[in-house]
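Participant: Please work out how this folds:
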Amino acid sequence: RRVHGGQKYYLIFDFTKHMITFIARRLFSTSFRPSSQIPHLEKMGIKNNNILWQPSVGQLYEWAVKSAPVDPNTRQDVIASNGALCSYSGQRTGRSPKDKRVVIDENTKDEIWWGSVNTPMEPASFRLHEERVLDYLNLRPQLYVIDGYASWDPKTRVKVRVITARAYHALFMKQMLIRPTDEEHKRDFSDLPDYHIFNAGEFPASANVPGIGSKVCPTLNLTERKIVIAGTQYAGEMKKGIFAVMHYVMAKQGMASLHASANEGPNGDVSILFGLSGTGKTTLSADPKRRLIGDDEHVWTDDGTFNIEGGCYAKAINLSRDKEPEIYDAIRFGAILENVLFQPDTRDVDYDNTEITQNTRACYPLEHIPNVKIPAVGGHPKNIFFLTCDAYGVLPPVSKLTHEQAMYHFISGYTAKVAGTEMGVTDPEATFSACFGQAFLPLHPNIYAKLLAEKMQKYKTNAWLINTGWTGGKYGVGKRISLKHTRAILDAIHDGKADNVTFTKSPIFELGVPQSLPGIPAEILDPRSGWKDKEEYDRTLRKLGEKFAKNFTKYEDQAAAIKVGGPKL
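Facilitator: Numbering: from 1, shown residues only. Now for the predicted structure:
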């Protein structure tokens, strides 16, 4: 029994289960070691005699399937017939942005963008929260420690160490971080890593600790360089925690960090695709005609672009080889299927089953994509695409943006929250997420907009707005723009076929809409023509423009010059 902040809590272990685990460990593995044999681990508060440090994929599979979840409501991990590990995150099947906390102290109080995105936590509360998590980890029968890098650019690499009690979480971060060679690991991780993740997701946070409002609390301490997670087993919290770190570290060095995917054409032309979950960022970046640099997180410097991650984290709902062959075939041994169900008798994966969540996920290393570029670095982007899932069905599927419009739409970050990506979202709803990644921004959005604007002007990058949402009517009336048509649009731009077409200005937003593109029906290029009630279209378009204008008032004090790129009401 331990007491923290006036609250008693108990860590109860079943003796028989632990004896079985102890015997199995001795029979099947000789790789466990005490924390004292791992450099700097005890200095960080971890004291456990049974730790797997840098385990192989095979070892993590073994322990995932033979370790019962602590939470009785969490399903047992299983190996699917395609070789992937099916893992389950319990009650939390998406990120919990309202529960995230950032420690406020002398270093951060005047620079972090405080508010609903970054809710402050006092250092004293963080200490109680961290102690609770460390107590839990130290009392687990075994732990897993994963070391890896964030950033493919050796000059900007951030060394990350992950300590977790679930093999599934360890495998996830082994694949999502950049995996060091044995030589690199010996050289770089004998010193103290730059950042630590302590994941006790199976164990609830204490709502009695001041500043913590629920049993869920992923917390970022930038001064102490720690991410501490309790109350949620959703693996995406670790991934996005490191992304927030990179947003902070890179921006302070004058580099543009991007919530975007990237790929490279046969002539070395790089494309950047911004977008929130569900807009097609991962799907469209996996293009058989282009080499993948990465699917989600990048940085643009004066040397070019590079991927932050070593893997991909794709939505798996309704996945098929016909629609997304590269992603479908990437799911094999070494991959994780998160909250995806399967046929009990054959273990065949059922990607259409949303019984657990619509936010089913697939995690796999970059090397599983056949046309990936390793190292995952590229030149300066020729084209930038802002992907939006327009639930109102009034934006064209493609439009060319002026420089001012590009900055306006980047700051606005309009899309729809797609069902399942966040807890409580069951239907698409219109939303604005600054820089197409507001939830991950430690600093004010204008800082990131300025960094991107400087790069785009310096390297003469084209900007396009791509609507992957609805056409022919709003959500519930129209239909989703087909992936086939969206791919054809990107192909036309990449092939230069959009360079010499005639553009017309759309109403309200004054976007540059091509009158024709190869392989794209004219009625799709003009969204108004697909609506039966043209007056309803006009009213809906104006309504959306008003939403943009209202949202932008939050940024006018620091981004007034960008307002000219917005809708004309």
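Participant: So which residues of the chain form helices?
Facilitator: 15-28, 57-66, 123-138, 167-176, 182-188, 236-252, 281-285, 325-330, 403-412, 445-458, 483-494, 522-525, 534-552, 556-559 (DSSP state H).
Participant: of all those helices, which lies closest to Ala262?
Facilitator: helix 281-285 (6.7 Å; C-beta to C-beta). Using the backbone N, CA and C atoms, a C-beta is placed for each residue, glycine as well.
Participant: Tell me which other helices or strands the closest one touches.
Facilitator: strand 256-264, strand 270-274, strand 291-294, strand 311-315, strand 381-388, helix 483-494 (3 or more C-beta pairs under 8 Å, 6 or more residues apart in numbering; DSSP states H and E).
Participant: Which of the helices of the chain sits closest to Lys215?
Facilitator: So among the helices of the chain, helix 123-138 is nearest, using C-beta to C-beta, at 11.4 Å.
Participant: Counting neighbours, which bits of that closest one end up buried?
Facilitator: Using 16 or more other C-beta atoms under 10 Å as the test for burial, helix 123-138 gives 125-126, 128-137.
Participant: Please apply the same query to stretch 54-70.
Facilitator: For stretch 54-70, by 16+ other C-beta under 10 Å, it's 54-55, 59-65, 67, 69-70.
Participant: Can I get that stretch in CSV, CA atoms only?
Facilitator: Only the C-alpha atoms of stretch 54-70 are listed here, as CSV (Å, rounded to 0.1, in the frame of the first residue of the first chain):
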residue,chain,number,x,y,z
GLN,A,54,16.2,-3.9,-26.7
PRO,A,55,14.3,-7.2,-27.2
SER,A,56,13.8,-8.7,-30.7
VAL,A,57,10.5,-8.7,-32.4
GLY,A,58,10.2,-12.4,-31.8
GLN,A,59,10.7,-12.0,-28.1
LEU,A,60,8.1,-9.3,-27.9
TYR,A,61,5.6,-11.6,-29.7
GLU,A,62,6.3,-14.4,-27.2
TRP,A,63,5.7,-12.2,-24.2
ALA,A,64,2.7,-10.4,-25.7
VAL,A,65,0.7,-13.7,-26.2
LYS,A,66,1.6,-15.3,-22.9
SER,A,67,1.2,-12.3,-20.7
ALA,A,68,-2.4,-11.7,-19.5
PRO,A,69,-3.5,-8.1,-19.5
VAL,A,70,-3.9,-6.5,-16.0
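Participant: Show residues contacting it.
Facilitator: With C-beta atoms under 8 Å, 6 or more residues apart in numbering as the test, stretch 54-70 has contacts from 17, 21, 24, 28-29, 31, 52, 75-79, 85, 87-88, 90, 142, 144-147, 165-168, 170-171, 174, 185, 202-203, 333-334.
Participant: can I get the helices of the chain in TSV with mean pLDDT?
Facilitator: Converted to TSV, these look like this (pLDDT from 0 to 100):
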stretch	mean pLDDT
helix 15-28	49
helix 57-66	97
helix 123-138	98
helix 167-176	98
helix 182-188	97
helix 236-252	98
helix 281-285	91
helix 325-330	96
helix 403-412	96
helix 445-458	95
helix 483-494	96
helix 522-525	86
helix 534-552	95
helix 556-559	76
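Participant: Of these, which is nearest Phe503?
Facilitator: That would be helix 522-525 among the helices of the chain, by C-beta to C-beta, at 10.6 Å.
Participant: Quick check: Ala256 touching Leu451?
Facilitator: Yes: contact criterion C-beta atoms under 8 Å: Ala256 and Leu451 qualify, at 4.0 Å.
Participant: The two - which one has more neighbours?
Facilitator: Ala256 (24 against 20; other C-beta atoms under 10 Å).
Participant: Show the pLDDT at Phe13.
Facilitator: Note on Phe13: pLDDT of 44.
Participant: same deal with Tyr10?
Facilitator: 39.
Participant: Could you shift the numbering so residue one becomes 780, and keep it that way?
Facilitator: With 780 as the first residue, the last one maps to Tyr789.
Participant: are any of the contacts of stretch 833-849 buried, and which?
Facilitator: 800, 831, 856-857, 864, 866-867, 869, 921, 923-926, 944-947, 949-950, 953, 964, 981-982, 1113.
Participant: What average pLDDT does stretch 968-984 get?
Facilitator: Mean predicted lDDT for stretch 968-984 stands at 97.
Participant: scratch that, stretch 862-881 is what I was asking about
Facilitator: The model assigns stretch 862-881 a mean pLDDT of 97.
Participant: With just CA atoms, put that stretch into CSV.
Facilitator: Only the C-alpha atoms of stretch 862-881 are listed here, as CSV (Å, rounded to 0.1, in the frame of the first residue of the first chain):
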residue,chain,number,x,y,z
GLY,A,862,1.7,-12.8,-39.0
ALA,A,863,0.8,-9.5,-37.4
LEU,A,864,0.3,-9.2,-33.6
CYS,A,865,-3.3,-8.3,-32.8
SER,A,866,-3.2,-6.1,-29.6
TYR,A,867,-5.9,-4.4,-27.7
SER,A,868,-5.9,-1.1,-25.8
GLY,A,869,-8.8,-1.6,-23.5
GLN,A,870,-11.3,1.1,-22.9
ARG,A,871,-9.3,3.9,-24.6
THR,A,872,-9.2,3.3,-28.4
GLY,A,873,-8.1,6.8,-29.4
ARG,A,874,-6.1,9.7,-28.0
SER,A,875,-7.4,11.6,-25.0
PRO,A,876,-6.5,15.2,-25.8
LYS,A,877,-8.6,16.7,-23.0
ASP,A,878,-6.7,14.7,-20.4
LYS,A,879,-3.2,15.6,-21.6
ARG,A,880,-1.1,17.8,-19.3
VAL,A,881,2.1,19.8,-19.8
